[in-house]
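Visitor: Mind folding the following:
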Amino acid sequence: MAWFRRTKASVQPDQPRKDAPDGMWTKCDGCGEIIHRKQLEQQFYTCIKCNYHFRIGSREYVNILLDENSFRELDRKMRSTDPLEFTDTKHYKDRIKESMRRTELSDAVRTGTGKINKMPVAIGAMDFGFIGGSMGSVVGEKIARIANKALRSKLPLVIVSSSGGARMMEGALSLMQLAKTSAKLAQLSDAGIPFVSVMTDPTTGGVTASYAMLGDVNLAEPGALIGFAGPRVIKQTIGKDLPEGFQRSEFQLEHGFIDMVVHRKDLKETISNLLKMMWE
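Guide: Presented below is the predicted three-dimensional model:
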């Protein structure tokens, strides 16, 4: 039985390696390339070797898309409650507190106003790090409010989506956000105010149905998983193998579900040019 016992720990987490400081180097999930963090930031968090797009948070998207120091955040302190007193592996209240501490966000979307190449816009950017970017009552309300801000102030709206779907901890309350957000976007459309949707990896479930697919122009980053149900669930349901690259942004573009696949470094200029054509 001694064969199955470790006599000496091969990894000692309490003793950090001096030759590789924490966070200094990152391994690309696409090709395995080891990339220095500074270089990764300069390349908009993409791999220069294989073009793999790393998942990033709402703060990074705001910095990439908006002019420097132009962002003014709205509804920053809006927080979810626990109307169902939901518990799975932990209490929902505890899950919210943990996510708030880890991400420094109040919920899974950051909204506000800013400028893209000096053009005023309203913007929302989701954050997958906050309970998988799931859409609960707060996310739905903040999206509705930023759409309303765009309507009142006559500002083009840009939403960057990154989500696993509706937040199951809030049950039917999370599903109700679909009607609320889509109704607000319909008002924008009626007023002739453009809405550009940007889908990143992943954009799935209720968020896809609620607002991510409702843009006047729907953009996506390369290789992003975009769909309603996930490929594993679909495969189990229909009992058939799925095509290669199924639900990835390139597949969605080929089949007419999105309008453009845009590299992250080109997003700002692409959105700016689109808004100039649609709004100015």
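Visitor: who's in contact with the residue lying closest to residue 57 once chain neighbours are set aside?
Guide: Distances taken as C-beta to C-beta, 6 or more residues apart in numbering place residue 127 nearest to residue 57, at 4.8 Å, with adjacent residues excluded. In this view, the C-beta of every residue, glycine as well, is placed from N, C-alpha and C. The contact partners of residue 127, taken as C-beta atoms under 8 Å, 6 or more residues apart in numbering, are 57, 58, 59, 103, 105, 108, 109, 110, 133, 162.
Visitor: wait, doesn't residue 274 sit right on residue 196?
Guide: Yes: the criterion here is C-beta atoms under 8 Å, and residue 274 meets it with residue 196 at 6.0 Å.
Visitor: what about the residue nearest the centre of the chain, distance to residue 278?
Guide: Central residue of the chain (C-alpha atoms, centre = their mean): residue 162, 2.0 Å from the mean position. Separation of residue 162 from residue 278 (C-beta to C-beta, to the nearest Å) stands at 24 Å.
Visitor: unless I'm mixing things up, residue 43 is touching residue 64, no?
Guide: No: contact criterion C-beta under 8 Å: residue 43 and residue 64 do not qualify, at 11.4 Å.
Visitor: Just the residues contacting the host helix or strand of residue 94, thanks.
Guide: For residue 94, the host element (DSSP states H and E) is helix 92-103. Residues outside helix 92-103 that contact it (C-beta under 8 Å, 6+ apart) are 57, 79-80, 82, 84-86, 105-106, 127, 129-131, 169.
Visitor: Distance from the chain centre to it, please.
Guide: Helix 92-103 has its C-alpha centroid displaced from the chain centroid by 18 Å (C-alpha atoms, centre = their mean, to the nearest Å).
Visitor: about what we covered before: in terms of neighbours, single out the busier of residue 274 and residue 196.
Guide: residue 196 (24 against 20; other C-beta atoms under 10 Å).
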